[in-house]
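> take this sequence and fold it.
(one chain, ligands or ions: 1)
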Amino acid sequence: MDQTPIIATRGLDLWYGASQALHSVDMDIPEKKVTALIGPSGCGKSTFLKTLDRMNDLVPGIKITGSVTYRGQEIYDPQVDVTWLRKQVGMVFQKPNPFPMSIYDNIAYGPRTHGVRGKAELDDIVEKSLRGAAIWDEVKDRLKKSALSLSGGQQQRVCIARALAVEPDVLLMDEATSALDPISTSKIEDLISDLKEKYTIIIVTHNMQQATRVSDKCAFFLLGELIEFADTTQLFSVPKDKRTEDYITGRFG
Ligand SMILES: Nc1ncnc2c1ncn2[C@@H]1O[C@H](COP(=O)(O)OP(=O)(O)OP(=O)(O)O)[C@@H](O)[C@H]1O
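Now for the predicted structure:
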């Protein structure tokens with residue numbers, strides 16, 4: 001590894017009750033790159049993603065052992081403030097989930113929660129975040145309208161803007177384009193490529209073309225195990241593991 005990873009996992013095991021969903025995952029995630037998690041349905045991609053900002057904490061019967069560090073800090077340490085962690089490591093979900101309020105208030109919500117009150121400051125954050133999510137021009141004249149009045153692709157970019165508004169360091173995206181049409185998908189893929197200048201991005205995708213288009217590194221999971229983690233071009237051209245090769249050539253999954 002040529003740089004210190006921003007997130008690193010070591011021996012990460014996770015159980016839902018008696019069923020083990022992650023098996024000793026070791027991964028070093030590089031900063032300001034796009035890392036894609038791929039693998040067949042049920043292999044643990046979303047589970048792994050959610051462990052990175054402790055979104056699994058409240059699942060009944062869950063047990064997590066091993067180490068997950070963010071910038072060297074053990075995130076499962078009892079002293080860690082989960083609100084702080086989730087500000088650093090934001091999440092965008094599969095289905096656009098704007099709050100039932102105006103576009104403006106969706107974006108201002110996080111900063112207000114973190115104590116920002118001044119109108120001018122909030123106006124700035126709202127504009128900057130919507131610009132960052134490549135949707136400012138489409139919504140700048142209707143900021144007071146409900147976010148639910150937008151198309152699915154626009155709603156998803158509002159959700160990305162909402163995540164950016166609290167100035168995260170890492171952005172997790174769980175199949176963030178799978179509910180969208182091809183044009184909206186391509187807009188979000190372009191956006192991901194722009195965002196990696198400032199953010200570290202980790203995406204779960206079922207779409208291998210998408211992984212090759214947007215990611216720098218790619219992790220292939222199977223039955224809760226990390227089988228292979230490599231530069232995306234390498235993983236798709238010369239996979240080291242037969243199981244990776246079988247998956248990317250469509251022999252299973
Ligand atoms: N809340 C939960 N409680 C119990 N089991 C769960 C829970 N969430 C996931 N699982 C199980 O953990 C395993 C991994 O699921 P996960 O959703 O992480 O896979 P995935 O690779 O993201 O799948 P998909 O591509 O279908 O979204 C599966 O066997 C799933 O049934």
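> separation between the most centrally placed residue in the chain and the ligand?
In the chain, the centroid-proximal residue (Cα atoms, centre = their mean) is residue 172; its distance is 1.3 Å. In this view, residue 172 and the ligand are 12 Å apart by Cβ to the nearest ligand atom, to the nearest Å. From N, CA and C alone the C-beta is placed, and that goes for glycine too.
> just say helix, strand or coil for that residue.
Using DSSP: H, G, I helix; E, B strand; the rest coil, the structure places residue 172 in strand.
> was I right to think it contacts residue 51?
No. Using Cβ atoms under 8 Å, residue 172 is not in contact with residue 51, being 10.2 Å away.
> contacting residues for the closest residue to residue 232 other than its chain neighbours?
Among residues not flanking residue 232 along the chain, residue 218 sits closest, at 4.3 Å (Cβ to Cβ, 6 or more residues apart in numbering). Residue 218 makes contact with 35-38, 211, 229-232, 235-236, according to Cβ atoms under 8 Å, 6 or more residues apart in numbering.
> then residue 76?
Going by Cβ under 8 Å, 6+ apart, residue 76 touches 54, 64, 67-68.
> need the max-distance pair from the residues you listed.
The most widely separated members of the contacts of residue 76, counting by Cβ to Cβ, are 54 and 67 (13.5 Å).
> the more surrounded of these two?
Using other Cβ atoms under 10 Å, the more surrounded residue of residue 54 and residue 67 is residue 54, with 17 against 14.
> my guess is residue 48 meets residue 23, correct?
No. Using Cβ under 8 Å, residue 48 is not in contact with residue 23, being 10.8 Å away.
> strand partners (parallel or antiparallel) of the helix or strand harbouring residue 21?
Following DSSP states H and E, the helix or strand that holds residue 21 is strand 19-29. Using DSSP bridges, the strands paired with strand 19-29 are strand 7-16 (antiparallel).
> now the angle from the strand it pairs with to strand 170-174?
Using axes from the mean of the first three to the mean of the last three Cα atoms, to 10 degrees, the inter-axis angle of strand 7-16 relative to strand 170-174 is 40 degrees.
> rewinding a little: of residue 48 and residue 23, give the one with the bigger neighbour count.
Counted by other Cβ under 10 Å, residue 48 and residue 23 do not tie: residue 48 has more neighbours, with 26 against 16.
> report whether the helix or strand hosting the more buried one contacts the ligand.
Residue 48 is part of helix 45-51, with elements assigned from DSSP H and E. Yes. Applying Cβ under 6 Å from any ligand atom, one finds that helix 45-51 is in contact with the ligand at 45-47.
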